[in-house]
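*Asks:* this one's structure only:
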């Protein structure tokens, strides 16, 4: 069984037991998140599509902790003006494990 959920402007295809990284939010490790915006649910018997979401469907996930993405370097350079600037950025994520699809 799998589901397609929408969170933070992105869509994820999730299955039970799967781990994924979602956008950062203030939650503690061990908490449970519930995703109510379920766009589709697929199983052996068929697929249920929502218009725009499936009524009564939800996905619950356990928070495993916070992670950071890869470092991205931003470098600005103006030729012949002795002007250089280099900065970096690391995006924060929350790692979750899908517990159940209901």
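*Replies:* Received the coordinates, thanks. Note that the coordinates shown come from a computational prediction; the quantities given were computed from them, not determined experimentally.
*Asks:* which residue ranges form the strands in this structure?
*Replies:* 2-7, 10-15, 19-23, 32-35, 38-43, 46-49, 59-78, 83-101 (DSSP state E).
*Asks:* List the contacts of the third one.
*Replies:* Right, the one you point to is strand 19-23. Here strand 19-23 makes contact (CB atoms under 8 Å, 6 or more residues apart in numbering) with 7-8, 10, 12, 14, 64, 67, 69, 93-98. All C-beta spots, glycine's among them, are computed from the backbone N, C-alpha and C.
*Asks:* again, only using 10 Å
*Replies:* 5, 7-10, 12-14, 33, 35, 61-64, 66-69, 91-98 (CB atoms under 10 Å, 6 or more residues apart in numbering).
*Asks:* Deepest-packed of the strands of the chain, please.
*Replies:* Most buried of the strands of the chain, by mean neighbour count (mean count of other CB atoms under 10 Å): strand 2-7, with a mean of 20.
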